[in-house]
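# I would like the atomic coordinates for the input below:
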Amino acid sequence: MMLYRLATVAGVGFMLAGGGVLVAYLYQAIYLATPANAPDLSWAFTLYLIGHVLIVVRSHLINDLAHRIRHHGESGDARILTAKRIGSPEEGRDRHWYALTLRVQPHRANTSDFDTSVTQLFSAQASARLAPGSILPVKFGDKPAQVVVTGEGAFPAIRR
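As a prediction, this is how the structure comes out:
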């Protein structure tokens with residue numbers, strides 16, 4: 001998760017720096033009428049592109065984490081404490097992002113229950129089962145924040 005946060009901060013920083021160079025160029029070109037002294041626009045595009053690439057890498061990191069937990073994590077059941085629909089991705093209106101607060105009950109006997117939250121993508125058909133009190137199958141990693149719902153209609157796509 002440290003790489004995820006680092007990629008987020010660096011990606012946003014580079015994108016803002018690229019926007020700042022563009023603003024400086026436009027300011028000098030419009031108000032000072034000296035575009036020859038203005039910063040090179042290639043810097044703006046390069047910085048913005050680096051930031052965009054870091055944001056894409058960030059999404060791959062979180063998706064890789066979800067797949068690893070789904071295939072190698074420990075099993076358990078989770079009772080939904082709260083469920084909130086927070087939107088749909090642009091590529092499909094038949095899917096919805098939900099922010100869930102869960103109480104996880106691991107199947108392994110010597111592991112205690114824990115509360116966590118996850119934002120995950122679900123099919124429209126699964127929406128009916130995402131109500132407080134419902135029980136869902138989950139897989140979880142080493143940390144309580146590393147939880148993925150594995151039931152029918154749950155996609156292995158999570159957000160942080």
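
# the least confident helix or strand in the chain by mean pLDDT pairs with which strands, and in what direction?
Least confident element among the helices and strands of the chain, by mean pLDDT, DSSP states H and E: strand 154-159 (a mean of 78). Looking at strand 154-159 with DSSP bridges, its partner strands are strand 114-123 (antiparallel).

# tell me which stretches of this structure form strands.
Per DSSP state E, the chain carries strands over the ranges 74-87, 95-106, 114-123, 135-140, 147-149, 154-159.

# mind listing what's buried along the least confident helix or strand of the chain?
By 16 or more other Cβ atoms under 10 Å, the buried positions in strand 154-159 come out as 154-158. C-beta: built from backbone N, CA, C; applies to glycine.

# ok so, going back, wait, which of the strands of the chain is closest to Leu16?
Closest to Leu16 of the strands of the chain, according to Cβ to Cβ: strand 154-159, at 21.2 Å.

# now that closest one, how far from the chain's geometric center?
Relative to the centre of its chain, strand 154-159 is centred 9 Å away, using Cα atoms, centre = their mean, to the nearest Å.

# neighbouring contacts of it?
With Cβ atoms under 8 Å, 6 or more residues apart in numbering as the test, strand 154-159 has contacts from 62-63, 65-67, 70, 95, 97, 118-123, 126, 136, 148.

# average model confidence for the helix ranked longest in the chain?
Longest helix in the chain by number of residues (criterion: DSSP state H): helix 41-72. Mean pLDDT, computed over helix 41-72, is 84.

# in it, what counts as buried?
Under 16+ other Cβ under 10 Å, the buried positions of helix 41-72 are 43-44, 47-48, 50-51, 54-55, 58, 61-62, 65-66, 69-70.

# where in this structure is pLDDT low?
Filtered on pLDDT under 70, the chain yields the residue ranges 1, 33-39, 89-94, 144, 160.

# now with 80?
Across the chain, the ranges flagged by pLDDT under 80 are 1-5, 25-41, 43, 62-63, 87-94, 109, 143-145, 156-160.
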